[in-house]
Structures are given as C-alpha cells and as structure tokens.
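*Asks:* here is my input; please provide its structure:
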Amino acid sequence: MKLVGLDIGTTTICGLVLDTRTGEIVSVVTRPNTAQRGGQAPWESIQDPAAILETARGIVDGFLDAHRDVGAVGVAGQMHGILYVDASGRVLSPLYTWQDGRGDLPDAGGVSTAARLSAALGRRVSTGMGLVTHAWNAAHGLVPREAAALCTIMDYVAMTAAGARSPVMDATNAASLGCFDLDARDFRRGEMGRLGIDAGLFPAVASGYPPLGEVRPGVPVFVAAGDNQASFLGSVRELRSTVLVNIGTGSQVSVRVDSEMEAPGMDTRPFPFGGYLAVGAGLCGGRAYALLREFFERTLRLFGEQRPISWETMNAIRPRDLPGGALGVDTRFSGTRENPSTRGSITSIGLDNFTPEHLVVGVRQGIASELLEFYRRLPEARRSGFTSLVGSGNAIRLNPALREVFQERLGMTLRMPAHREETSFGAALLAGVACGAFRDLGLAGELVRYEGV
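*Replies:* Prediction:
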C-alpha cells in the first residue's frame, strides 16, 4: 500500500507518496504557497484559501492518477490561523494566518485583545492564535454573517477533499487556537461563553483520528493534524526517548511525554493517539543566523563592495580556531512568547574577541542556548529518559557546525532524517495508523530513516 502525506505550509505546500512496504518515498511535489494577499494594514497577514485548496488538490490528484494503490491521505499544516465557513462548508473569509498581528493592537483603553484574553483566562494567549483573531474580528464586525464554523486551513482542505460539509478538528489543531482543555480534549466552551465568545463557531474535536470521507472511492481522507506533531512523527523513530531540535526560521525543542507537565515557558500539546508533546519554541531561531549574514553583507556594501556572503564560509568557522574568550550572544532578537519585548544582546566583549569569527560562533551558541534552556526546565527525572537526539529543519540540516554545538552540549550524537519532508512524512504515517496499515505509531516510526544509516 501507498500513503499520501500533505503539508499545508505558510510558504510552501508539499506532498509525498510513501510506500509502506519498503519505507521509500516514491514521489515528492513541493510548490510555493502563492496565496499570500496584501492586507489593508502592515500587521495583517492573510492568505487565499481557494488558492491553497487548488494547489493542494492538484498535488493529491496528481499522486492518485499516478499511483493506483494509494490507501489513504493524511493532511497536516500551519497551526493557529483560522478561516470561516458556512453551513455547507463554503469558505467565507481569507485565512488569517499565525503571523497575523491584530491581537496585539491596543483598544481605546490601550489594552490589546491578546492581553485582555490572557488576563481573563489566567494563561497567555498570543496574537495569531485563532481565539485571539476571532475575538478581534467579532469586536470589529469581521465575522461573516453566514459563518457556521471556523477552522484551520488544513481542516478546510481535508474537509473539502473528503466531500464533507462541516469541519472536524483533531486535538493537535484545536489546542493551537487557545482556550483548550488538554484533559477533556475539547475547547473550554463554557469559559468562552463567559468571555462573550460564540463557542458554537468552534467545531467538534475528533476522538481518535477518524476519516472525514473519501477523496476517491476507497481512498479515505483523515482529520488533519498540526504540523508540529506531524513533523515530530516524521523525524523520530524512538518516540519516547528522543529530543527533537527543529531549526528553520524559528526554532523548537520537543519531547514526547505521557502526562501534562509544568516547565516554565514550555507548551504541553496534545499528541496523536494519546500522550503529549512538550515544546519550547524560539521566535528567531535560524533567522538569527540569516540576520548575521545580512549584517556582514550590509557591512561590505557600506565599504563599496557588493557580494553575497557564503553560508559555507560562515559554517566553516569553529571555536577551536579562535583565540581569546567567547562572546556571549543572546539571539532572542524577536522576543519570546512570554515577553515579546525581550531583545537580544552581545556580552563579554574584549580586545581579543571583537571579531566577525567570534560573532559567528556566538550566534550559533546563542541559538542552541535558547532551546537548551527550555529543555533544562524539564524535571531532571524526565530528562534522564531521553537518550537520542534528532535534528530537523534546513537551518540545522545545512549547518554541520550548529549540529556540533547541540551534540557537545547534550552529549549525544545528532541524527538527521534522510528525507526533508518531515511534516508530510508524519502526515502519511498518521494516515497509515488510522487506516490500519500500521498497528501503532511505534511501528509506523520504523520507516523513519536517518542520514548515513
């Protein structure tokens, strides 16, 4: 049997076909997500759901035409954002993405929607989260009159592909919107009502991982999952003993746990088929390294030379080659989820280390330090059970020097998945478990392969 996995990303839409017998990816298609639409204000981030659906359906239809033995389709994608649909499942609005900033706009009293809801709930919710976006839209008359439900973009794609008329959410997506009860695996609908939010617009949360319908006869489409959890499944073989470090534009450190846990700054998120994912997320991550490269290129332009700085040149710089002490670089240039006003810094500057080379090494150390600070907030008893280290995301895949930092700091060998489509791969594995191709996620994860193995 073959499985299709689809990832609805913010900048790309990726699909693959996975052979369950051999574990081989037999086909991959990645297309740019060109659905971004200019908002009326700089804080607005919206995309066209119809354009996303057209691209996604084109990828899936192409796979099904070429491979007659596809047994199921799994979908994952960008969490937090929302769109509105009517009672027949017709889209009524743009997709308000996770990058949308309306939740941080101050009202007449100088208080933002995100701050007001955080105070009322007693826990932080951020701009870009569906609860915050919807509350702001409701206050400003932007909820369509015919709206029967709101959902994420991957819920909409999965629902439409399956021929369904109303969205159903997996807990991984539902929790990303805010005001979610992890124990009950449902929205805190009573709490929403007390806040004046129409809980009826928030769809049913699925139990298990059910099919929504069929994209073609005999080919079910299953409820969509969040990209964070799908990426974990698509990267990790040993689910209970692995630390996953994902570094792209942002950064995350994730571990699978059996019960909710208190670790300051870390989120506890639902995991498919039970359990949780403890996640510490940095807002800058790989962007910090890109920012440093831009700084070097701008410096060259200032002195009359215009040429790109090679990533390979930066990556070749190692601390053992540098004299003097290390620079201390805090790479939280975009703030943190707990404190958006936090900014980075450079410390321990001396006569012997104020060099570009020391800055390159310091930024790499700073990226690692932010994630490892989250990891060290886990109870020590929990940390002792993690014996494997895996990396994902282009910013760490293409930077051997950054991988070395994590290996040295954690004392583990870091492995990279042999495939780069971790989220699509995870979506396919989820569909495989749901349709019975695999008995459980542990067996499904045996298809994950690592570079050099």
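
*Asks:* any idea what residue 246 is bridged to?
*Replies:* Note on residue 246: beta-bridge partners by DSSP bridges are residue 252, residue 392.

*Asks:* I'd guessed it sits against residue 252; true?
*Replies:* Yes: Residue 246 lies in contact with residue 252 (C-beta atoms under 8 Å); the separation is 4.6 Å. C-betas here are computed from N, CA, C, even on glycine.

*Asks:* tally of neighbours for residue 92?
*Replies:* 17 (other C-beta atoms under 10 Å).

*Asks:* again, but for the one 10 residues further on
*Replies:* Residue neighbour count, defined by other C-beta under 10 Å, stands at 24 for residue 102.

*Asks:* what sits against the residue lying closest to it once chain neighbours are set aside?
*Replies:* Leaving aside its chain neighbours, residue 102 sits nearest to residue 136 (4.7 Å; criterion: C-beta to C-beta, 6 or more residues apart in numbering). Counting by C-beta atoms under 8 Å, 6 or more residues apart in numbering, residue 136 makes contact with 102, 103, 105, 113, 142.

*Asks:* one more time with 10 Å
*Replies:* 96, 100, 102-105, 107, 112-114, 117, 127, 142 (C-beta atoms under 10 Å, 6 or more residues apart in numbering).

*Asks:* could you do residue 251 as well?
*Replies:* 245, 280-288, 331, 367-368, 370-371, 374, 393, 395-396.

*Asks:* wait, residue 325 sits on residue 358?
*Replies:* Yes: under the criterion of C-beta atoms under 10 Å, residue 325 makes contact with residue 358 at 8.5 Å.

*Asks:* neighbour count: those two, which is higher?
*Replies:* residue 358 (24 against 12).

*Asks:* buried residues in the longest helix seen in the chain?
*Replies:* In terms of residue count, the longest helix belonging to the chain (DSSP state H) is helix 356-376. Using 16 or more other C-beta atoms under 10 Å as the test for burial, helix 356-376 gives 357-372, 374-375.

*Asks:* got the end-to-end distance for stretch 305-320?
*Replies:* Distance between the two ends of stretch 305-320: 30 Å, counting by C-alpha to C-alpha, to the nearest Å.

*Asks:* let's number from 8 now, not from 1
*Replies:* Okay, using 8 as the starting number, the last item reads as stretch 312-327.

*Asks:* list the buried residues for that stretch?
*Replies:* 316, 321, 322, 324, 326.

*Asks:* what's near enough to touch the residue lying closest to residue 349 once chain neighbours are set aside?
*Replies:* Residue nearest to residue 349 in three dimensions, not counting chain neighbours: residue 342, with 4.6 Å by C-beta to C-beta, 6+ apart. Shown in contact with residue 342 (C-beta under 10 Å, 6+ apart): 290, 291, 348, 349, 350, 351.

*Asks:* helix or strand, whichever it is, which one in the protein has the lowest mean pLDDT?
*Replies:* When each helix and strand of the chain is scored by mean pLDDT, DSSP states H and E, helix 387-390 comes last, with a mean of 82.

*Asks:* quick one: contacts of it?
*Replies:* Counting by C-beta under 10 Å, 6+ apart, 250, 262, 264, 265, 268, 270, 285, 382, 383, 384, 417 sit against helix 387-390.

*Asks:* who wins for neighbours among the residues you listed?
*Replies:* Using other C-beta under 10 Å as the neighbour criterion, residue 262 leads the contacts of helix 387-390 with 27 neighbours.

*Asks:* so for whichever helix or strand that residue is part of, mean pLDDT?
*Replies:* Using DSSP states H and E, residue 262 sits within strand 258-264. Across strand 258-264, the average pLDDT comes to 91.
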